[in-house]
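Peer 1: need a structure here:
(2 chains, ligands or ions: 1)
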Amino acid sequence: MTVARAMVECLKAEGVKHVFGYPGAAICPFYDELISSGIEHILVRHEVNSGHAASGYARMTGKAGVCVATSGPGALNLITSIATAYMDSIPIVAITGQVNSDQIGRDVFQEADITGSAEPFVKHSYIVKDPASICDVIKKAFYIAETGRPGPVLIDVPMDVQNMECEFCYPDKVEIRSYKPTTEGNKLQLKRVADAILKADKPVICAGGGVFLSGAEEELRELVHKCNIPVINTMMGLSNIDMSDPLYFGMMGMHGVRSANYAVANCDLLILLGARMGDRAVTALEGLRDTPIIHIDIDPAEIGKNVDVTTPVVGDIKKILTQLISVVQEEKHTEWLNELNAVKNAPADVPGSKPGTLDPRLFIRELNKYLEKDAVIVSDVGSNQIWTVNNIMLTKGRFLTAGGMGTMGYSLPAALGAKKACPDRQVIALCGDGSMQMQFMELATAVQHGIDIKIIVFVNNCLGMVREYQERLYSRAIAVDLDGSPSYEAIAGAYGIKAETVTENSQAEQAIRNMVESDKPYLIQVIVDKEEDSII
Amino acid sequence: MKHTISILVENQAGVLARISGLFARRAYNIDSLAVGVTADENVSRITIVADGDDHILEQILKQLNKLIDVIKVRSFSENELLTRELVLIKVNCTPAQRAELISIAKITEAKISDISVNTITLELSDYSNKIKTFEELLRPYGIKEIVRTGTVAIQRGSASLTI
Ligand SMILES: Cc1ncc(C[n+]2csc(CCOP(=O)(O)OP(=O)(O)O)c2C)c(N)n1
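Peer 2: Predicted structure coming up:
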C-alpha cells in the first residue's frame, strides 16, 4: 500500500478516532486516504487551533491527540500550539505534509523547515524519507509522546514519500535504546519521604499538572486523607483534587489565594508533586529558607531546576503515591489544619461592580451552581483566567488552561477537543474579549461538526491583564483598548449560535440557566468594567 | 568552570543541530565541540567543552539526556581524562629562520607538515595548554593562519564509555 494509506492504518492501529486538521496540497495523499478510514476529521479554521484542539482532546483522554497540517504556512501556523503543548507536557502527534523530498532545501513553493523550526518545542521529530520506516516512525511517535514526561512529537512527510509504496506492518512493541524513562521511585528515597512526612507537623502537598498526566488523582486523594495533609495546586494542577475537599486550600503563586501561599510560607515540609515550579508559582516559595522540600517528578531535569530540593524522587507519580500510601502512617495534623482554615475562612473583600457591568467573580460563583459534577472548564489567558481559577468550584470536574505558555486563544479550540473526547460532559470555555478575537473563527468548527460547547466571554473592552500590568508598572496603559471590537452576541448570531448579553449581576443566573439548558453551542457575553483588576 | 562532556548519540541526520540548538536556547556556552563516529558506525561521539557552574552543568547533562537520540552522556573531571586538540599553524619562515623553527618543532614534538619558500606549516596534537604555549612560541615569527579542532577526550586507564 502507499505510505499515505499506511499512515492512516497506523492511526487506526493506534486507536485514533478523531484528528483535527487543515489540508493543503502537500498533505493531500494522506487526506485522500483519511476520508474512507472511519477516523473523523474535524476541520478547524486555523491550524494553530488543530494543535490546541488536539491538546484538549489529549488531556481528556490521556492519549495523544492528533493534528494535521500542510507544508509551509500550514505547518508554521501549528507551531504556537505545539509549543503550548510542550510547555504543559501534553502528548500530541502533529503530522505535516512536506514538499517532495528531491526538492527539500531549494526554497520551493510552500517549503518550510518545520522540523527545524519546531525543534525547541517538540519532544522529538521525524522527517520521513524512507517509505519503509513509516510504521516504525508513527509507533515511536505515539510512544514518545505518551510516555515519560509527555509532549508533542512532529512527523513531517514529503508528498512524494506519501505516494510511495510500503508494506504495512504496525509494530506492537517499541524499543528505543536511548529512551527509557524511569517510572519506579527509588526505594531509599521513598523511605526518606515517608520519614519526612512522619516527622513533619505542618506538611503541605503542592500538586501540579503531573498528577493528571500520571492519572494519579485517586492516589493523591487517598494519601492526603490517610495523613491529613493539606493540598494546594499550581494552575496546571487545578481540579486534580476535589476543590470542596476540606484538605484543599486553593491555588498557590503570584495569582493564587492567601490560604495556599500561607500554607507554603508556614509549612515545615513542602512536597512538590508533578509541579515544575514555573516562575509564576515559585513566587510563593521566596523566603523559604530551611524548609525541607521533596520534589517528585518524572523528569529529572525539572528537579532542582527552579527550586533547590532536599529530597528528589524521580518516577511516575501514580506508582510513587501507591508505594507511599502503603508505608505512611495515619496522622491528624489538627492544629495545622485549624491554622490554615482560619486563613481560608477569613472574610474576603465582598466584590461589587459598577452599574451596567457584572462582577466577574460573582458570575463565576453563580456558574458554579449550574455546573454538572464532572464539568470541564477551559480557561483562556488574562484577567479572566485569574477570576476563573480563584472562583470556580470543581468537585469531580476538570480544569484546563495553557498554564506554561499562557497562549491567548487556547480555550475555544481546546474546549472543542475536550468535548470531542467526552461528548457526555458539560464543556465550557471562558475567555476575555481579546482572546475571543484570536479564536472566534472556531465557532464555525463547533457548528459544522455539531460540537456542543458553551462559551463565556468577559467583555471589558481592553486587554485587561496587560492594562493592569502597565498601570502598576508604568502608571499608564498603552495599546490595550479594544475599541472597534464587535458584539460577540452578534458574532455568535452570524454563525447561527444562540447568544445573550448580561450587564447586571442580577441577570447572570437566568443567562447561565439558558446556556446550560441548551443542547447546542451557546455564548454569553458578560460585560465587565474596564478597571476590574485580577489582583485584589 | 570548564567541563568536558562526552555524548554518545545515534548517528543520524539532525542530531548535531539538536544538541547545538539545546546549548544555544538554554544559554549554555560551548567552548569547543568535536564529533566523530565510534567503533560502532551507528553511534557517534560528541565531545563538548562547556563553561558553567555545577548547577548549569547538572542542567546541561539532564537536558542532553532528554534528547531522544542521545544514548549516553557523561561529564568528566580533568584528571580522569586524556584530552587532545589538533592544530595546524602556518608561520612566516625565511630560509634563515628554518633551522630555528625546526628546532622549536623538535622540542614541542610538532610535525613539519608543509614547507614553502617563505612559510612553514607545523602540526601539533596535544592538550589545550600545550597548544597555547606552542602558539606563543610561534607568534614572534608571524602567524599567517591557525586551524584548530575541538577537544577530543578519552578516559585514562581501562575505563571506557560505551553504550
Ligand atoms: C498570544 C498572546 N499574545 C499576547 C499575550 C499577552 N497577554 C497576556 S494577557 C493579555 C490580555 C488578554 O486580554 P483579554 O483576552 O481581553 O482578557 P482580559 O485580561 O481582559 O481578561 C495579553 C495581551 C498572550 N498571553 N498571548
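Peer 1: mind checking which helix or strand residue 82 is in?
Peer 2: Chain wasn't specified; assuming chain A. In the assignment (DSSP states H and E), A:I82 maps to helix A:73-87.
Peer 1: sorry, should have said chain B
Peer 2: Using DSSP H and E, B:L82 falls within strand B:81-92.
Peer 1: just A:G404 next, same as before
Peer 2: Of the helices and strands defined by DSSP H and E, none includes A:G404.
Peer 1: Quick check: which helices or strands does the helix or strand where A:C28 lies pack against?
Peer 2: Element membership of A:C28 [criterion: DSSP H and E] is helix A:28-34. When contacts are defined as 3 or more C-beta pairs under 8 Å, 6 or more residues apart in numbering or on different chains; DSSP states H and E, helix A:28-34 sits against helix A:3-13, strand A:92-98, helix A:159-162. From N, CA and C alone the C-beta is placed, and that goes for glycine too.
Peer 1: could you dump these to a markdown table with mean pLDDT and distance to A:M243?
Peer 2: A markdown table is the format used below for these (pLDDT from 0 to 100; distance: least, C-beta to C-beta, whole Å):
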| stretch | mean pLDDT | distance to A:M243 |
| --- | --- | --- |
| helix A:3-13 | 98 | 36 |
| strand A:92-98 | 98 | 27 |
| helix A:159-162 | 98 | 47 |
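Peer 1: To chain B, which of those lies closest?
Peer 2: strand A:92-98 (14.0 Å; C-beta to the nearest C-beta).
Peer 1: and the next helix or strand after that closest one with chain B, contact?
Peer 2: Counting by DSSP H and E, the element after strand A:92-98 in chain order, helix or strand, is helix A:114-118. Yes - Helix A:114-118 is in contact with chain B by C-beta under 8 Å from any C-beta of the partner chain, via A:115-116.
Peer 1: ok, then the element right after helix A:114-118?
Peer 2: Next element after helix A:114-118 (DSSP H and E): strand A:124-127.
Peer 1: Rounded mean pLDDT for that next one, please.
Peer 2: Model confidence over strand A:124-127 averages 98 on the pLDDT scale.
Peer 1: Note down every partner strand of that strand and its orientation.
Peer 2: Take DSSP bridges as the rule and strand A:124-127 pairs in its sheet with strand A:153-158 (parallel).
Peer 1: Show me how far the strand it pairs with is from its chain's centre.
Peer 2: How far strand A:153-158 lies from its chain's middle: 23 Å, per C-alpha atoms, centre = their mean, to the nearest Å.
Peer 1: Then stretch A:398-407?
Peer 2: On C-alpha atoms, centre = their mean, the centre of stretch A:398-407 falls 4 Å from that of its chain.
Peer 1: Any idea how far apart the tips of that stretch sit?
Peer 2: Start to finish, the residues bounding stretch A:398-407 are 19 Å apart (C-alpha to C-alpha, to the nearest Å).
Peer 1: Any part of that stretch near chain B?
Peer 2: No - Stretch A:398-407 does not reach chain B (C-beta under 8 Å from any C-beta); its nearest approach is 15.0 Å.
Peer 1: what sits up against that stretch?
Peer 2: Stretch A:398-407 is contacted from outside by A:52, A:56, A:59-60, A:80-81, A:83-84, A:87-88, A:209, A:234-236, A:238-239, A:276, A:278, A:374-381, A:385, A:389, A:392, A:410-411, A:414-415, A:418, using C-beta atoms under 8 Å, 6 or more residues apart in numbering or on different chains.
Peer 1: So how do I select the buried members of those in ChimeraX?
Peer 2: Remark: buried members of the contacts of stretch A:398-407, expressed as a ChimeraX selection using 16 or more other C-beta atoms under 10 Å in any protein chain shown:
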select /A:52,56,59,60,80,81,83,84,87,88,209,234,235,236,238,239,276,278,375,376,377,378,379,380,381,385,389,392,410,411,414,415,418
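Peer 1: Could I get the average pLDDT for the helix holding A:C28?
Peer 2: Average pLDDT, helix A:28-34: 98.
Peer 1: C-terminal to it, which secondary structure element comes first?
Peer 2: That would be, after helix A:28-34 and using DSSP H and E, strand A:40-43.
Peer 1: hang on, the earlier thing: could you name the helices and strands sitting against the strand holding B:L82?
Peer 2: If contacts are counted by 3+ C-beta pairs under 8 Å, 6+ apart, strand B:81-92 sits against strand B:119-126, helix B:128-138, strand B:143-148, strand B:152-155.
Peer 1: Okay, now the sheet partners of the shortest one, with direction.
Peer 2: Strand B:152-155 sits in its sheet next to strand B:81-92 (antiparallel), going by DSSP bridges.
Peer 1: and if you look at the first one?
Peer 2: In the sheet containing strand B:119-126, the strands it pairs with under DSSP bridges are strand B:81-92 (antiparallel), strand B:111-115 (antiparallel).
Peer 1: Same list (these) but as CSV, adding mean pLDDT and mean neighbour count.
Peer 2: Listed next are the strands paired with strand B:119-126 as CSV, based on pLDDT from 0 to 100; neighbours: other C-beta atoms under 10 Å in any protein chain shown:
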stretch, mean pLDDT, mean neighbour count
strand B:81-92, 97, 18
strand B:111-115, 97, 13
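Peer 1: picking up where we left off before, buried residues in the helix holding A:C28?
Peer 2: Neighbour-count burial for helix A:28-34 [16+ other C-beta under 10 Å]: A:28-31, A:33-34.
Peer 1: quick revisit: just the contacts of stretch A:398-407: which are in helices?
Peer 2: A:52, A:56, A:59-60, A:80-81, A:83-84, A:87, A:385, A:389, A:411, A:414-415, A:418 (DSSP state H).
Peer 1: can you list the weak-confidence ranges in chain A?
Peer 2: Per-residue confidence for chain A (pLDDT under 70) gives these ranges: A:350-351, A:536.
Peer 1: which bits of it sit near the ligand?
Peer 2: Contacts of chain A with the ligand, taken as C-beta under 6 Å from any ligand atom, map to A:381-384, A:406-408, A:432-435, A:458, A:460, A:462-466.
Peer 1: Out of the residues you listed, list just those in strands.
Peer 2: Among the residues of chain A next to the ligand, the members found in strands (DSSP state E) are A:432, A:458.
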